[in-house]
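**Q** let me see the structure of the following:
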Amino acid sequence: MNILVIGCRTMGSHLASILSREGHDVSVIDKDEQNFELLDNDFSGLTVTGLAIDTEVLRRAGIEVCDAVAAVSSDDNQNIMVSQIAKEVFKVPRVLTRIYDPQRTQVFTSFGLHTVCPTNLAVDAIHAILTDSGEVQQMTFDSSTLSFTTVPMPREWVGRRSNEVKDTLGVLFGVLHPDGSMDLAGEKTVNLTAQDRLVFTKVVD
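**A** Now for the predicted structure:
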């Protein structure tokens, strides 16, 4: 894929380095040339210094032939503006927008922007650790991010049927057995044992 990354600080440089290592054609825009030093030594892509909201800078970075744009700078407003330009002016088929402010994610998602909020994802993971509510993983589907939480079997549920489980952690996704196999909640009802773990899911972004 031909991918343009906006912002080359911690997240942007790491993302661009991984994509380049995987063999993608990667271009990176940042207004501070020194930030390009954060890229891995084996980074083989293009770096462009300038303001990402400038269409000429975007053209120099190859946006006209891009398959995807990831606006992951530390500036929410810039990320939003670049994403809108990428979608509406250059018709880039896949655009991802990093938004720090959780209160803004729903608004911009309603504009058709595919948003990821690191704040929401971090809070969800930290909450799970602090409250001992289990292991948390996230997956993104289009403009929605799902959180999957794996918890040990509560003592009071041992011996009950999986279709009886209700919990505030979200919707029961499945029952994970000691041998690593899983029964999906919608496919099969099973008896719960003390060695099983429960996997819950909910939309977090």
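**Q** please, where are all the strands along this structure?
**A** 2-6, 25-30, 46-49, 68-71, 94-98, 114-116, 135-141, 144-152, 171-176, 182-184, 197-203 (DSSP state E).
**Q** would you turn those strands into TSV with distance to E88?
**A** C-beta coordinates here come from the backbone N, C-alpha and C atoms, glycine included. TSV is the format used below for the strands of the chain (distance: least, CB to CB, whole Å):
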stretch	distance to E88
strand 2-6	15
strand 25-30	18
strand 46-49	21
strand 68-71	12
strand 94-98	10
strand 114-116	14
strand 135-141	22
strand 144-152	22
strand 171-176	35
strand 182-184	39
strand 197-203	26
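**Q** to G159, which of these lies closest?
**A** Judged by CB to CB, the one of the strands of the chain that comes nearest to G159 is strand 171-176, at 13.2 Å.
**Q** what are the pairing partners of the closest one, and which direction each?
**A** strand 182-184 (antiparallel), strand 197-203 (antiparallel) (DSSP bridges).
**Q** and those, which is most packed in?
**A** Per residue and on average, the most neighbours among these fall to strand 197-203, with a mean of 18 (mean count of other CB atoms under 10 Å).
**Q** what angle sits between that one and strand 144-152?
**A** Inter-element angle recorded for strand 197-203 and strand 144-152: 160 degrees (by axes from the mean of the first three to the mean of the last three CA atoms, to 10 degrees).
**Q** contacting residues for I85?
**A** 53, 55, 58 (CB atoms under 8 Å, 6 or more residues apart in numbering).
**Q** of those residues, which belong to helices?
**A** Among the contacts of I85, DSSP state H puts 55, 58 in helices.
**Q** on the strand side of things, show who the closest residue to E33 other than its chain neighbours bridges to.
**A** Closest residue to E33 apart from its sequence neighbours, by CB to CB, 6 or more residues apart in numbering: T49 at 4.6 Å. Per DSSP bridges, the residues bridged to T49 are D30.
**Q** using TSV, lay out the strands paired with strand 171-176 together with mean pLDDT and distance to R94.
**A** Output for the strands paired with strand 171-176, formatted as TSV (pLDDT from 0 to 100; distance: least, CB to CB, whole Å):
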stretch	mean pLDDT	distance to R94
strand 182-184	87	29
strand 197-203	84	20
